[in-house]
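Participant: Pasting the sequence and the predicted coordinates here, then a few questions.
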Amino acid sequence: MEWHEVFKGVAEADVPATVLEEEAEERRGLFGRLRRNLGKARGAVADALRSAVYVGVDRRLYEQTEEMLIAADVGVDGTIRIVDELERRCTAKKIESRGPFQDELAEVVAEQLRPDDPERQRIDVSHAPSVILVVGVNGTGKTTTIGKIAWRLKEMGKTPLMVAGDTFRAAAVEQLSRWADRVGCEIVRQAPDADPAAVVYDGVAAARSRGADVVLVDTAGRLHTQVNLMRELEKVRRVIEKQLPGAPHETLLVLDATTGQNGLRQAEEFKQAVDVTGVVLTKLDGTAKGGIVVAIHESLGIPIKLIGVGEQIEDLRPFEADVFARAIFGGEDDAARVDAG
Ligand SMILES: Nc1nc2c(ncn2[C@@H]2O[C@H](COP(=O)(O)OP(=O)(O)OP(=O)(O)O)[C@@H](O)[C@H]2O)c(=O)[nH]1
Ligand SMILES: [Mg+2]
């Protein structure tokens, strides 16, 4: 999927030709890059399977696959479903060696991950302005993700505007300001300790008067168990809604993949407080627990829209079930096939 397809409200015709070329180039190298970035997750899968597979596809291999999926944080239900389906197919197709076995595994995982409604997978920036509220627990990558998203939007001819709704720490405002400088977009900020709802109100008003297209609202990290802070977030959301009916058009929950199954609990609470429309799963480059993607997809009913695969500005990717499943679970031959397609 190309970036201009991810954003609802970006027409291909409006994207500069050079950016489209860059996108195509990035896409050609994407699979290899994703594989490298997801090296840890992939390595864990490969190691678990390598030992067993040479003796053929037998009971022990299915057990090993099961253990590997559990260790990768796929979750018990998902694991059972995947392995049952895998066994059914391998038996039907008489698969007896490692490569095809792994390809079949990747295919089964990809099927589990495919969105029921691809339209829900997109990020809505079709309004004038569109408001994207970014929430999550401390340190998951909210501020970084805002920088990465703003950069992509700018590349595609949109005018993003950042709002420093994390008024907890002066350093948080400075961090967001640095991203705004890098991207070359405006930022609305107030003194530390200001009421986040007031800053956000200013931000939306500024976007309207200055004609910015997309308002990206940073918020302070908070634990899903901190009742007062969750209330504060509800208030921020209400203020936006009142000011601009229909907004926020997206509420993105940023989850850190390295925290594994704990992320699911966080998600439930945030979902209740602020109607989350999508998940951004960060730090997939630094974890062997890439299987958490399957658990999130199954249990939350919220689409994973973006994945973070590094700290650099370009290290954010649209989530694509097939590419992701093959990058982590697929056999070695897959790279050529997917990059070519
Ligand atoms: N490896 C890796 N690091 C990431 C990714 N996304 C964010 N980070 C890093 O995670 C750290 C925290 O990122 P922030 O963007 O400050 O996180 P935050 O959610 O805004 O944190 P708080 O505002 O303190 O709640 C930084 O060092 C980022 O560079 C990612 O996809 N991969
Ligand atoms: Mg932050």
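Facilitator: Perfect, thanks for sending it. Since we're looking at a predicted model, the values are computed, not measured. Ligands and ions are numbered 1, 2, ... in the order given.

Participant: and stretch 320-331, average pLDDT?
Facilitator: Stretch 320-331 shows a mean pLDDT of 86.

Participant: hmm, who's touching it?
Facilitator: Contacts of stretch 320-331 from elsewhere in the structure, counted by CB atoms under 8 Å, 6 or more residues apart in numbering, are 1, 30-31, 34-35, 38, 41-42, 45, 72, 98-103, 105-107, 109-111, 113-115, 290-291, 293, 307, 334, 338. (Glycine included, C-beta is placed from N, CA and C.)

Participant: touching ligand 1 at all, it?
Facilitator: No: with CB under 6 Å from any ligand atom as the criterion, ligand 1 is not reached by stretch 320-331; the gap is at least 14.0 Å.

Participant: Show me which residues of the protein sit near ligand 1.
Facilitator: Taking CB under 6 Å from any ligand atom as the measure of proximity, the chain contacts ligand 1 at 136, 138-144, 166, 172, 221, 254, 282-283, 285-286, 308-311, 315.

Participant: from those, which would you call buried?
Facilitator: The neighbour-count test (16 or more other CB atoms under 10 Å) applied to those identifies 136, 140-144, 166, 172, 221, 254, 282-283, 285-286, 308-310, 315 as buried.

Participant: Now, these that are in strands?
Facilitator: Among those, the members found in strands (DSSP state E) are 254, 282, 308.

Participant: Between the residues you listed, which sits nearest ligand 2?
Facilitator: The closest of those to ligand 2 turns out to be residue 254 (CB to the ion; 9.2 Å).

Participant: so the closest one touches residue 145, yeah?
Facilitator: Yes: checked against CB atoms under 8 Å, the pair residue 254 and residue 145 is within contact range at 5.6 Å.

Participant: For the two, list the residues in contact with both.
Facilitator: With CB under 8 Å, 6+ apart, residue 254 and residue 145 have common neighbours 134, 280, 282.

Participant: Could you pick out the buried ones from the contacts of stretch 320-331?
Facilitator: Using 16+ other CB under 10 Å as the burial test, the contacts of stretch 320-331 include 30-31, 34-35, 38, 41-42, 45, 72, 98, 100-103, 105-107, 109-110, 113, 115, 290-291, 293, 307, 334, 338 as buried.

Participant: Using PDB, write out every CA atom in stretch 262-269.
Facilitator: In PDB, the C-alpha atoms belonging to stretch 262-269 read as follows (Å, rounded to 0.1, in the frame of the first residue of the first chain):
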ATOM      1  CA  ASN A 262       0.200  -5.800  28.400                       C
ATOM      2  CA  GLY A 263      -0.600  -3.500  25.500                       C
ATOM      3  CA  LEU A 264      -3.900  -5.300  25.200                       C
ATOM      4  CA  ARG A 265      -5.000  -4.300  28.700                       C
ATOM      5  CA  GLN A 266      -4.000  -0.700  28.000                       C
ATOM      6  CA  ALA A 267      -5.900  -0.700  24.800                       C
ATOM      7  CA  GLU A 268      -9.200  -1.800  26.400                       C
ATOM      8  CA  GLU A 269      -9.000   1.200  28.900                       C
END
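
Participant: Strands of the chain, start to end?
Facilitator: 7-8, 123-124, 130-135, 160-165, 186-188, 214-219, 250-256, 278-282, 304-308, 316-318.

Participant: Mind checking the pLDDT average for the fourth one?
Facilitator: Per-residue pLDDT values across strand 160-165 average out to 98.

Participant: roughly how far apart are residue 243 and ligand 1?
Facilitator: To ligand 1, residue 243 is 24 Å away according to CB to the nearest ligand atom, to the nearest Å.

Participant: Spatially nearest residue to that residue, not counting backbone neighbours?
Facilitator: Nearest residue to residue 243 in three dimensions, chain neighbours excluded: residue 204, at 5.3 Å (CB to CB, 6 or more residues apart in numbering).

Participant: Surely that neighbour and residue 245 touch.
Facilitator: No: when contacts are counted by CB under 8 Å, residue 204 is not listed as touching residue 245 (11.7 Å).

Participant: More neighbours: those two, which one.
Facilitator: Taking neighbours as other CB atoms under 10 Å, residue 204 and residue 245 compare with residue 204 leading, 24 against 7.

Participant: what sits against that one?
Facilitator: Residues in contact with residue 204 (CB under 8 Å, 6+ apart) are 129, 131, 163, 215, 240, 243, 244, 247.

Participant: Report pLDDT for it.
Facilitator: As predicted, residue 204 sits at a pLDDT of 97.

Participant: pLDDT weak spots in the chain?
Facilitator: In the predicted model, the chain carries pLDDT under 70 at residues 41, 48, 50-56, 332-341.

Participant: Name the residues of it found near ligand 2, please.
Facilitator: With CB under 5 Å from the ion as the criterion, the chain meets ligand 2 at residues 142, 143.

Participant: try 8 Å this time
Facilitator: Proximity of the chain to ligand 2, by CB under 8 Å from the ion, involves residues 139, 142, 143, 144, 166, 172, 175, 176, 218, 219, 220, 221.

Participant: for these, which one is nearest residue 151?
Facilitator: Residue 151 lies nearest to residue 144 out of these, by CB to CB, at 10.9 Å.
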